[in-house]
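>>> please find the sequence and the predicted model below.
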Amino acid sequence: MKNKSLQQIEDFYLNLGYKRGKLRKVLAKDEEYQKLLKDRKRKLTQRFKATSVEKKKYVLSTDSDFEILTKCKQLEKLELSKEDRILVKLIKSQLEYNRRKPLLNTLNRLLKKYKQRL
C-alpha cells in the first residue's frame, strides 16, 4: 500500500472488517499509516500553535482538531460563566485520546446531581 493517504489506509482496514479498538490497534501497527500520521501532525503543528503538553494530550491529527483547540484557548482567556468554562473543558476533552472518560465523568456528575433532587 504505497503512496496512500491516511483515509485510504483506514478504509482498507475498515473494508477488511476492523472496527473501533481493533481498528486502532491495527493502525497503530501499520508503519506507513504511522509515518503519514506523524508527518501530518508535524505539518499541522507548524501551522497551528500547540504546546508540547497539548501535543501529547490531544490527538490533533486534522485541521479541525487544531481549530477546535485554538478556539477553546481563545475562549479560556475570556471571562466565561461557570457553565461556559465547563462546556469549553468538555469540548477540549473530545480531542483527547480517551475522550469517552471525560464524557462518562460528566454524565455521572449530572446523574448524581439530579438524583439528589428526587
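Nice, I can see it.

>>> which SS class is Gly17?
Classification of Gly17 using DSSP: H, G, I helix; E, B strand; the rest coil returns coil.

>>> ok, now how distant is it from Gln74?
Distance, Gly17 to Gln74, by Cβ to Cβ, to the nearest Å: 41 Å. All C-beta spots, glycine's among them, are computed from the backbone N, C-alpha and C.

>>> so where's the protein shaky on pLDDT?
1-3, 117-118 (pLDDT under 70).

>>> with Ile9 as the reference, measure out to the spatially most central residue of the chain.
Centrality entry for the chain: nearest residue to the mean C-alpha point is Leu95, 2.5 Å, by Cα atoms, centre = their mean. Separation of Leu95 from Ile9 (Cβ to Cβ): 22 Å.

>>> repeat that for Leu78.
For Leu78, the distance to Ile9 - Cβ to Cβ - is 40 Å.

>>> looking at the two, which is more packed in?
Neighbours of Leu78 and Ile9, each counted by other Cβ atoms under 10 Å, are more numerous for Ile9; the result is 19 against 9.

>>> isn't that one right up against Glu32?
Yes: counting by Cβ atoms under 8 Å, Glu32 is a contact partner of Ile9 at 6.5 Å.

>>> how close does Lys89 sit to Leu95?
11 Å.

>>> identify the residues contacting stretch 86-96?
Stretch 86-96 is contacted from outside by 57-60, 65, 68-69, 72, 75-76, 80, 99, 102-103, 106, using Cβ atoms under 8 Å, 6 or more residues apart in numbering.
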